[in-house]
Structures are given as structure tokens and as C-alpha cells.
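In: Coordinates for the following, if possible.
(2 chains)
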Amino acid sequence: MKTAVLLLPGLNRDRDMIAALTKISGQEPVTVWQTETEIPDVDLIVIPGGFSYGDYLRCGAIAARMPSLEAVKRKAEGGVPVIGVCNGFQILLEAGLLPGALMRNASLNFVCKTVQLEVTNASTRFTSQYTQGQIINCPVAHHDGNYFADPETLATLEGESRIAFRYANGTNPNGSINDIAGITNANGNVLGMMPHPENLIEAAHGGTDGRAIFESALDLVS
Amino acid sequence: MPIKARVTVTLKNGVLDPQGKAIEGALGGLGFDGVDSVRQGKVFDVELAHDDQAKAQLELNAMCEKLLANTVIEDYAVEMV
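Out: This is a model prediction of the structure:
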């Protein structure tokens, strides 16, 4: 299975993501620099986490205006699955590929810990290898993960079952509205999430709860 | 005279502002008792290379829509200075 990882100045989880995708897919992802206008044919595109452009202006705002994001938009419109993790989620929102915005954590603190996630919809192409309502562990590490959307958008997300993950059991680390941790687009082929599943894919990580997101997206049997 | 503009970006009403809340609390801590609320925003001073006011207004609005503001959560105002 072929995958691609976007590279932008200031991202710092790119190597973790490349390592995870290499282990899961069996081949090293191609990397796409921000100035590239084309992305090769791949089975999955991932935008990793970090602090693109130092979080200047707003998290992900400047990265979202780079040529490589135009290429991601075209690929997404063509049906290619896209995952944005952490800063990658912020970039997808700023690029208009997903609705809503991520704001400063309600506590104002940077949070770095493991939270619990509920698989709110196990029918998405990113969650099909989980069971509905399954509770999984997943690390988070962010300062701006407080998901916000206007009531109309929220109603649409809830009504169309586009909330893939919620923070569970009182572990909402950032004040996100409706405990939202991850959402999909209307076509179901773009997922944005604040937690870092790439950091929980093998025993050495202390668990493998994050692995099924990539295996679901790539249609691999675990 | 090249045009100078000031763009002010503020959070929309109804959007929670944890930073504004923290500042509000800090002002209270300094003894400013009469503060009802604080909302934090951003200011951009933009200098343009031309002096066409009508064109500047259009350009600045487009800059706000495309980059300076996230219109999901923010409003903007453009003022020629």
C-alpha cells in the first residue's frame, strides 16, 4: 500500500508518522514538500502534527495556503483518504477540508498525556476495524485542540454521524464542544483528529490502540 | 501617498475566549474591579504600494477573507489610517 506524508516547516511529528506508516503499510511513505503541486497516486495521504510556521497567525493557517494543500484538496475531491493529526487537523480546518475551528485549550495549558477515546462511529473508512462505542487509549499533545463549530455545523456533524471519536470518561483535555476529538468530511474520506494514533501502534509504545485507524484506511487486516 | 490600513480581527460573539477570560481574571487580580469582560483580538497594520482607495478596500477585504481572519470564529474590520 502506498502512502504520502506532507512535510511543512515546523512540523515535528513527521518522522513518527513515517515510521508508523512504514511499519503498517510495509513501505516507506513518499514525502511531499509544501511547494509541490502534485501528489503521486497513493492509497492514503497524511498530514502529521507539529507547529507548522510556528503557529504564527493561527495554528495551521499559513500551511493551509501552501501549494501542497491545493494538491491535497484535489486528491480528496477524487476520493483519496486523507488523515490530519493534531496540527494536521488544524491545517485541514484552515484549508476548508473540514468544518469548524480549533481554539486555545480551555485550561490555557499545553496538554501532553494519554486520554480515552470513544469510537463514536465505527462505520467510517478510518474506524471500520474498531467496534461501535469501543473505548481506546490515545496520546494527545497540544495547546490548541479546543474544537468549536457553530450550532448548525454541529447539528450537521452529529446528524450525519461525522464525529468519528469523542473524548470519553471525562478525559476531554481541551474543552472541545460535545467532547469532539475527531471528525470526517461529508464524503467520509477526510479525517481530522487531535490525538496521535501514530504513537500507539506497537507493543514498544505501550499499546496498539491507534493502529486500526491506519489499517482501516488502508483496508489492511490486522 | 501609499495607503496604510489597520485590520482588526476579533472573535465572534458567542465564541468562548479562554485567553480573554484569563486576562480578565488577571486584571481583577491587579485590583481593577470594574472590568465586566475582556475579549482578545489581533491587529494588522498593512502598508500598500499604491494609493487607490477603492482597490485597497477590495484587496484588504480579500486578504481578511483568505488569510487574516478565520471567518468560522472571527470577524474583521478594515480601517484606512
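In: rest of the way, CA atoms for contacts and neighbours
Out: OK.
In: how about the residues of chain B near chain A?
Out: B:18, B:19, B:67, B:68, B:70, B:72, B:73 (C-alpha under 8 Å from any C-alpha of the partner chain).
In: per-residue confidence at the fifth one?
Out: To tie it back to what came earlier, the one meant is residue B:70. Looking at residue B:70, its pLDDT reads 96.
In: How many residues are close by it?
Out: 22 (other C-alpha atoms under 10 Å in any protein chain shown).
In: quick check, it in a strand?
Out: No - counting by DSSP: H, G, I helix; E, B strand; the rest coil, residue B:70 is not part of a strand but coil.
In: Could I get the contacting residues of the closest residue in space to it that isn't next to it in sequence?
Out: Sequence neighbours aside, residue A:94 is the residue nearest to residue B:70 in space, at 7.6 Å (criterion: C-alpha to C-alpha, 6 or more residues apart in numbering or on different chains). Applying C-alpha atoms under 8 Å, 6 or more residues apart in numbering or on different chains to residue A:94 gives the contacts A:60, A:61, A:64, A:101, B:70.
In: hmm, which two among the residues of chain B next to chain A are most spread apart?
Out: Longest distance between any two of these is 22.4 Å, between B:18 and B:67; criterion C-alpha to C-alpha.
In: Please say which of those two ends up with more neighbours.
Out: More neighbours surround residue B:18 than the other of residue B:18 and residue B:67, with 19 against 16 (other C-alpha under 10 Å).
In: Might one say that that one is in contact with residue A:143?
Out: No - if you go by C-alpha atoms under 8 Å, residue B:18 and residue A:143 don't touch, sitting 11.9 Å apart.
In: Would you state the helices of chain A in chain order?
Out: A:14-25, A:67-77, A:87-94, A:151-159, A:211-217 (DSSP state H).
In: who in chain A is up against chain B?
Out: A:57, A:61-62, A:94, A:100-101, A:104-108, A:149-150.
In: which of those sit farthest apart?
Out: A:62 and A:107 (25.2 Å).
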